[in-house]
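Novice: this is a predicted model, with the sequence first.
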Amino acid sequence: MSKFDVLCIGNAIVDIIARCDESFLTDNTIIKGAMNLIDAERAELLYSRMGPAIEASGGSAGNTAAGLASFGSRSAYFGKVSKDQLGEIFSHDIRALGVHFETTPLDGAPPTARSMIFVTPDGERSMNTYLGACVELGPEDIEADVVAEAKVTYFEGYLWDPPRAKDAIRLCADIAHKNGREMSMTLSDPFCVDRYRGEFLELMRSGTIDIVFANAEEVKSLYQTDNFEHAVAQIRKDCKLAAITRSEHGSVLIRGEERIDIDAIDIDEVVDTTGAGDLYAAGFLHGYANDLPLEVCGKLGSLAAGLVIKQVGPRPQLSLKDAAADAGLA
């Protein structure tokens, strides 16, 4: 029996979330709905211009690990923080959820990563991320026994920005596959896909990655097409299993010749879309690691994504395990 259901690997980031209007994005040349990488100087500038904010441990894969724990899955996390106040916040928060997190922190510069997230009235989030200590994640941070004992290892496409993280991910894939485990990734962001399209396709086509998560814009970017169905037809050829989210239109699951369309859950009001894709992955992987039917995995993903966009912040504020039971998806 495996020790962990899912191991998540990502950029360990503390989110600083504030509301703003559309003009704030324009005035500060922030690309709406995207993850913008920034340097320390711009991070300080944007922070000085933010309104009242909420600080919370985040990072894409960290949010997924938190969601998995809320469902009751046994999850682990690899990510680099520094020995500073934000690093202590991140470490405390993720461990308090019951997630295994033992990555050795940096002793000194650069500081722990932070992402300033501006939420407009329509609930869309625009992220401005200073990676800080994240760029130091490398092969030496990989706990081989954890990888070997996790049913699925999942990582965020954002990790392809820090150079040494690529070597760490390839090491994980080698360990996972040698132990009969599976590798999964999320494409993370259309701009991330634009930067690494060829490398992402190579990961999929070589079998390094078994399961791919993407939203509609990311998968269209991957195949450089405006036609969603064309992109679906292409990804069918390139990976064993794909889960593609489509916001209010639900999601599409592709495995070989099989296709399952999953409805989104009904939402009265979208408060903040931060973490929607991360929590979809959490729900799906919780079901997948527990050998539930593919359709149920998709429904668990939709449930988690739908619940998280009804709140501020990317980590569930209620028990997803209880929510799944109430929805008949336990």
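Specialist: Received it, and whenever you're ready, just let me know what you need.
Novice: remind me which helix or strand the residue nearest to Ala34 when sequence neighbours are not counted belongs to.
Specialist: Setting aside the residues directly before and after it, Ala34 is nearest to Phe191 in space (CB to CB, 6 or more residues apart in numbering), at 5.6 Å. (C-beta placed from N, C-alpha, C; glycine too.) Using DSSP states H and E, Phe191 falls within helix 190-205.
Novice: mind listing the helices for the stretch 51-200 of the chain?
Specialist: Remark: helices assigned in the stretch 51-200 of the chain by DSSP state H, counting those that start in this stretch are 60-71, 85-96, 144-148, 163-178, 190-205.
Novice: could you give me the average pLDDT of stretch 160-173?
Specialist: Averaging pLDDT along stretch 160-173 gives 93.
Novice: now it - C-alpha only, CSV.
Specialist: Extracted C-alpha coordinates of stretch 160-173, given in CSV (Å, rounded to 0.1, in the frame of the first residue of the first chain):
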residue,chain,number,x,y,z
TRP,A,160,9.5,25.2,-15.9
ASP,A,161,10.6,28.9,-15.2
PRO,A,162,13.2,28.1,-12.5
PRO,A,163,16.0,26.3,-14.4
ARG,A,164,17.0,23.7,-11.8
ALA,A,165,13.5,22.6,-11.1
LYS,A,166,13.4,20.9,-14.5
ASP,A,167,16.1,18.5,-13.4
ALA,A,168,14.2,17.8,-10.2
ILE,A,169,11.0,17.0,-12.1
ARG,A,170,12.8,14.6,-14.5
LEU,A,171,14.4,12.9,-11.5
CYS,A,172,10.9,12.5,-10.0
ALA,A,173,9.5,11.0,-13.2
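Novice: low-confidence ranges, the protein, go.
Specialist: Residues of the chain that meet the criterion pLDDT under 70 lie in 1.
Novice: ok, back up a step: pick the most deeply packed of the helices of the stretch 51-200 of the chain.
Specialist: helix 60-71 (a mean of 30; mean count of other CB atoms under 10 Å).
Novice: packing partners for it?
Specialist: Counting contacts by 3 or more CB pairs under 8 Å, 6 or more residues apart in numbering; DSSP states H and E, helix 60-71 is packed against strand 4-9, strand 75-78, helix 85-96, strand 150-156, helix 276-289, helix 294-308, helix 320-326.
Novice: separation between Gly62 and Asp93?
Specialist: With distances taken as CB to CB, to the nearest Å, Gly62 is found 9 Å from Asp93.
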